[in-house]
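Undergrad: Build me a model:
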Amino acid sequence: MKAARVLAQGARFELADMDIPEPGPGQVRIRVRACGVCHTDSMTVAGTLGNTFPRTPGHEIAGEVDAVGAGVSAWAIGDRVGVGAFGGCDFTCEPCRRGDFISCAQRKTAGASYDGGYAEYLVAPAEALARIPAGLSFVEAAPLLCAGITTFNSLRNSIARPGDLVGILGVGGLGHLGIQFAAKMGLEVAAIARGQDKAPLAKELGAHHYIDSRGSDPAAELRKLGGAVVVLSTVTAADAMTAVLGGLKPRGQLLVVGASENLMQVPPIALITKSLGVQGWASGTSQDSEDALRFSALTGVRPMVETMPLSQVQAAYDRMMAGDARFRVVLTMG
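TA: This next block holds a predicted model:
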């Protein structure tokens, strides 16, 4: 099989011929049809996810069950399945025993803990799989297994309820899905981005309002709309997150899903006087992925993607890293 390998920390991709892996007990082999290229893959390349090298990245994986290992009864050959950032758990640590599998002390990540979806086949733990509904293509499903579940799951677990005003900070790889999910959940959506160029797209995706954070104060604009119950931050700019805090209603919530190591400065008085909360959200389990996929199939939520063949993996990765994709790059396998 063909697989895109990172041979050493920070190295460029090399396309290699490898043996098709065999599933062990409790494992499933997937024939990969599509795999999204996510910014988190850069952490695998950099080795900051604790991974070793050589490694095949990729955690937005969509394909078909090709073989099952001993003890696997939930999956059968031919099943349409996906694997997202949740790549398996140990079932024995305290979080797992409390049912909090996403917080597993030994949680695995596809493409970091083991070889991922930048390949024609991969082997994954059976508990990592999510069923892909018939209404979604493999290319559509792949980005929903990370960018999709992250925005869907954070919103559905937030304090926002149908009819509430919710701000979506950023109209990019995460934000364009967050707008769709929020609108389909019956929320009043204010999309927030820099400049007016994304306003038409935001409205097309379902936003009821558009706020240009370059030309206006986003907090003041949110207050004019009555104040947001939740702002979902899909950007990585810490100053942009701070700038929207004043637009939250009392007891409002800033949900952070844009991965960044930049320091976020929040004046404690801003939190205290309005009892505001700032919370991160760690994607979700394979069942959460399946929920996101089914919701998308039923409501028409779809990612905006550009496809490239596995043979162009370096170009696809470079395009993602440069921020040139609109909005998700997906590798296709044959």
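
Undergrad: any idea how far residue 215 lies from residue 334?
TA: 47 Å (Cβ to Cβ, to the nearest Å). Backbone N, C-alpha and C define where each C-beta goes, glycine included.

Undergrad: Next: residue 32.
TA: Going from residue 32 to residue 334 by Cβ to Cβ gives 9 Å.

Undergrad: Overlap in contacts, those two.
TA: Contact criterion Cβ atoms under 8 Å, 6 or more residues apart in numbering; residues shared by residue 32 and residue 334: residue 120.

Undergrad: For the stretch 151-300 of the chain, just list every one of the strands.
TA: Using DSSP state E, counting those that start in this stretch, the strands found in the stretch 151-300 of the chain span residues 165-169, 188-193, 209-212, 228-233, 248-256, 277-280.

Undergrad: Can I get these in CSV including mean neighbour count?
TA: Shown next, in CSV, are the strands of the stretch 151-300 of the chain (neighbours: other Cβ atoms under 10 Å):
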stretch, mean neighbour count
strand 165-169, 29
strand 188-193, 27
strand 209-212, 20
strand 228-233, 28
strand 248-256, 20
strand 277-280, 14
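
Undergrad: So which of these is nearest residue 110?
TA: Residue 110 lies closest to strand 277-280 among those, at 20.7 Å (Cβ to Cβ).

Undergrad: so what secondary structure elements neighbour the closest one?
TA: Judged by 3 or more Cβ pairs under 8 Å, 6 or more residues apart in numbering; DSSP states H and E, strand 277-280 is in contact with strand 248-256.

Undergrad: Quick one: residues in contact with the strand it packs on.
TA: Under Cβ under 8 Å, 6+ apart, the answer for strand 248-256 is 154-155, 158-160, 222, 226-233, 241, 244-245, 264, 274-281.

Undergrad: now stretch 211-224
TA: Residues outside stretch 211-224 that contact it (Cβ under 8 Å, 6+ apart) are 165, 167, 169, 190-196, 199, 228, 231, 240, 243-248.

Undergrad: go with 6 Å
TA: With Cβ atoms under 6 Å, 6 or more residues apart in numbering as the test, stretch 211-224 has contacts from 167, 190, 192, 194-196, 228, 243-244, 246-247.

Undergrad: Stretch 46-59 now?
TA: Applying Cβ under 6 Å, 6+ apart, the contact partners of stretch 46-59 are 3, 5-9, 35, 41, 43-44, 85, 110-112, 115-119.

Undergrad: can you check stretch 17-32 too?
TA: 1, 3, 61, 63-71, 75, 117, 120-123, 125-126, 333.

Undergrad: That stretch - what's its average pLDDT?
TA: Mean pLDDT, stretch 17-32: 99.

Undergrad: same thing with stretch 197-205?
TA: Average pLDDT, stretch 197-205: 98.

Undergrad: could you pull out the helices for the stretch 151-300 of the chain?
TA: 175-184, 199-205, 218-224, 238-244, 268-274, 286-299 (DSSP state H, counting those that start in this stretch).

Undergrad: which one of those is the most hemmed in?
TA: Stretch with highest mean neighbour count among the helices of the stretch 151-300 of the chain: helix 175-184 (a mean of 27; mean count of other Cβ atoms under 10 Å).

Undergrad: C-alpha coordinates for that one, CSV please?
TA: Only the C-alpha atoms of helix 175-184 are listed here, as CSV (Å, rounded to 0.1, in the frame of the first residue of the first chain):
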residue,chain,number,x,y,z
GLY,A,175,-16.0,28.6,11.8
HIS,A,176,-17.8,27.8,8.5
LEU,A,177,-19.0,24.6,10.1
GLY,A,178,-19.8,26.3,13.4
ILE,A,179,-22.1,28.8,11.7
GLN,A,180,-24.0,26.0,9.9
PHE,A,181,-24.4,23.9,13.1
ALA,A,182,-25.5,26.8,15.2
ALA,A,183,-28.1,27.9,12.6
LYS,A,184,-29.4,24.3,12.2
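
Undergrad: quick check: angle from it to strand 228-233?
TA: If you take axes from the mean of the first three to the mean of the last three Cα atoms, to 10 degrees, helix 175-184 sits at 150 degrees to strand 228-233.

Undergrad: Noted, bye for now.
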